[in-house]
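Engineer: Predicted model, plus sequence, below.
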Amino acid sequence: MTDEPTPVPSNGRGGHRTTGRRRTDREIVLFGLGLLAIAALLVLLPDLSPSAAKGLVSERVHARIVELPPTADQQQPQAIIEFLEGPRRGEKETADLEGPSGQLQLPDYRVGDEIVAAIDVQPDGTKTFSVIDRWRLPLIGGLAAAFALVIVAVAGWRGVRSLVALALSLVLAIRVLIPLLLTGANPLVLAIGLGAAVTVVSFVLTQGVNRTTGSAIAGTLAGLLITGVLASVVTVLARFTPAQGSEQILAIGQLAGTSIDLSGLLLAAVIFGGLGVLNDVAISQAATVEELHAVDPTLGRRALYTRTMNVGIAHLAATVNTLVFAYLGSALPLLVLFAIQVRGLGFPLNEEIIAVEVVRTLVGSIGIVLTVPITTLIAVRVLAPTVRQAKRTTIDTSSSP
């Protein structure tokens with residue numbers, strides 16, 4: 001058996017080269033379809049948000065501080081601001097100085113600082129202006145560009161496709177998920193449905209259309225369903241309040257009233273919180289099955305499953321730690337606060353706001369752990385023929401001229 005591919009008579013080129021060219025052509029087509037989908041969602045998809053959800057908060061405007069007048073004691077600090085965008089561009093107004101997100105402590109604002117100004121309309125029709133935060137979008141945009149450059153430099157063409165997949169996922173979340181949540185749609189159903197769509201889009205764009213991708217998608221969908229069902233059951237058993245200790249959820253409830261399922265919103269957050277890790281372990285297991293089978297096509301399904309699971313178990317320890325520390329990082333200030341106020345570990349863990357994070361971590365981890373054997377089993381069934389078929393294929397290949 002030779003190592004060189006059999007020549008193709010029509011063009012004299014190797015079969016592997018032809019297969020590689022066809023694969024590249026498919027990837028280019030998928031890349032173009034991804035860009036078209038992003039453009040369609042941004043341009044053609046109408047605004048799905050209900051009209052009642054618009055205008056619930058003040059208008060935000062990009063502005064600059066041009067003067068900081070002296071402030072007398074017991075008076076609200078103020079600034080003279082100049083609008084930099086919109087129909088009021090170039091106009092100046094007096095605005096109250098406020099901290100970000102309503103914080104009492106004011107940032108060190110200076111003349112020349114670009115800021116975000118809020119415009120509120122009072123019941124009598126008058127408008128009031130306030131400085132609520134610094135303008136950071138240029139910094140964030142530059143950091144995003146650096147991230148994209150690093151991805152492309154390291155991963156090349158696949159990195160470009162992964163960025164398109166990421167952009168499409170974000171557009172789906174902003175243009176579809178959030179507006180439908182505002183209409184009162186079931187958050188759990190939306191999370192599972194959109195999670196499945198994001199999974200398919202991401203895998204197809206980055207991995208192509210093949211049996212490995214199909215196995216990873218099937219494993220991820222199984223993990224999503226397990227996580228969603230388990231999160232629903234545990235939330236009912238825990239008897240959390242609708243807001244589940246979240247100030248953001250309370251604020252949403254005050255603004256949107258009863259139109260949004262607040263408990264379901266946090267269930268959706270559990271699913272999206274673990275979706276990326278689910279994708280990671282699923283594609284890793286499917287790809288490992290493919291590679292091991294390519295190295296030894298005569299390896300039986302049981303042995304192939306066992307060896308792939310050995311790789312998956314080694315990967316799981318780091319994966320679960322990643323998830324746990326991600327949630328720990330978000331809850332760390334609260335844990336420190338409770339440690340100061342309450343002695344003993346049990347009582348802080350019982351607090352709803354902490355218990356919710358513990359439930360999210362454990363439910364997400366269970367879904368991820370179960371995704372590993374499920375995806376491995378699917379991939380072994382799909383990618384690996386029976387040992388008898390593999391041996392026949394090997395004999396046929398080795399006996400060919």
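Structural biologist: Now that the structure is in, tell me what you want to look at.

Engineer: Which elements pack onto whichever strand or helix holds residue 222?
Structural biologist: According to DSSP states H and E, residue 222 maps onto helix 211-238. Judged by 3 or more CB pairs under 8 Å, 6 or more residues apart in numbering; DSSP states H and E, helix 211-238 is in contact with helix 187-207, helix 262-295, helix 352-383. C-beta: built from backbone N, CA, C; applies to glycine.

Engineer: buried sites along the second one?
Structural biologist: Think helix 262-295. By 16 or more other CB atoms under 10 Å, the buried positions in helix 262-295 come out as 262-271, 273-275, 277-290, 292-293.

Engineer: next one: the last one
Structural biologist: Of the residues in helix 352-383, those with enough neighbours to count as buried (16+ other CB under 10 Å) are 353-361, 363-380, 382-383.

Engineer: Can you work out which other helices and strands pack against that helix?
Structural biologist: helix 211-238, helix 262-295, helix 301-341, helix 346-350.

Engineer: out of the ones you listed, nearest to residue 178?
Structural biologist: Among those, helix 262-295 comes nearest to residue 178, with 10.6 Å by CB to CB.

Engineer: okay, the angle between that closest one and helix 211-238?
Structural biologist: On the basis of axes from the mean of the first three to the mean of the last three CA atoms, to 10 degrees, helix 262-295 is oriented at 150 degrees to helix 211-238.

Engineer: Show me what helix 262-295 is packed against.
Structural biologist: Helices and strands touching helix 262-295, by 3+ CB pairs under 8 Å, 6+ apart, are helix 187-207, helix 211-238, helix 247-256, helix 301-341, helix 352-383.

Engineer: okay, the angle between that helix and helix 352-383?
Structural biologist: Helix 262-295 runs at 30 degrees relative to helix 352-383, counting by the same axes, to 10 degrees.

Engineer: For residue 374, give me its contacts.
Structural biologist: 219, 222-223 (CB atoms under 8 Å, 6 or more residues apart in numbering).

Engineer: Quick one: low-confidence residue ranges for the stretch 1-150 of the chain.
Structural biologist: Applying pLDDT under 70 to the stretch 1-150 of the chain flags residues 1-23, 49-57, 72-74, 101-104.

Engineer: And the helices in it?
Structural biologist: Per DSSP state H, counting those that start in this stretch, the stretch 1-150 of the chain carries helices over the ranges 15-39, 137-172.

Engineer: Just put those helices in JSON lines and tack on mean neighbour count.
Structural biologist: Output for the helices of the stretch 1-150 of the chain, formatted as JSON lines (neighbours: other CB atoms under 10 Å):
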{"stretch": "helix 15-39", "mean neighbour count": "13"}
{"stretch": "helix 137-172", "mean neighbour count": "14"}
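
Engineer: Serialize the ones you listed to TSV and add fields for distance to residue 193.
Structural biologist: Listed next are the helices of the stretch 1-150 of the chain as TSV, based on distance: least, CB to CB, whole Å:
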stretch	distance to residue 193
helix 15-39	16
helix 137-172	10
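
Engineer: For residue 86, which of the ones you listed is the nearest?
Structural biologist: For those, the distance to residue 86 is smallest for helix 137-172, at 14.6 Å, taking CB to CB.

Engineer: Could you list every helix and strand in contact with that closest one?
Structural biologist: Contacts defined by 3+ CB pairs under 8 Å, 6+ apart place helix 137-172 against helix 15-39, helix 187-207.

Engineer: got a list of contacts for the shortest one?
Structural biologist: Applying CB under 8 Å, 6+ apart, the set of residues contacting helix 187-207 from outside is 30-31, 34, 37, 158, 161-162, 164-166, 168-169, 172-173, 176-177, 180-181, 213, 216-217, 220-221, 224-225, 228, 231-232, 260-261, 264-265, 267-268, 271-272, 275, 278-279, 283.

Engineer: Same question for it: list its buried residues.
Structural biologist: Quick answer for helix 187-207 (16+ other CB under 10 Å): 187-188, 190-196, 198-199, 201-207.
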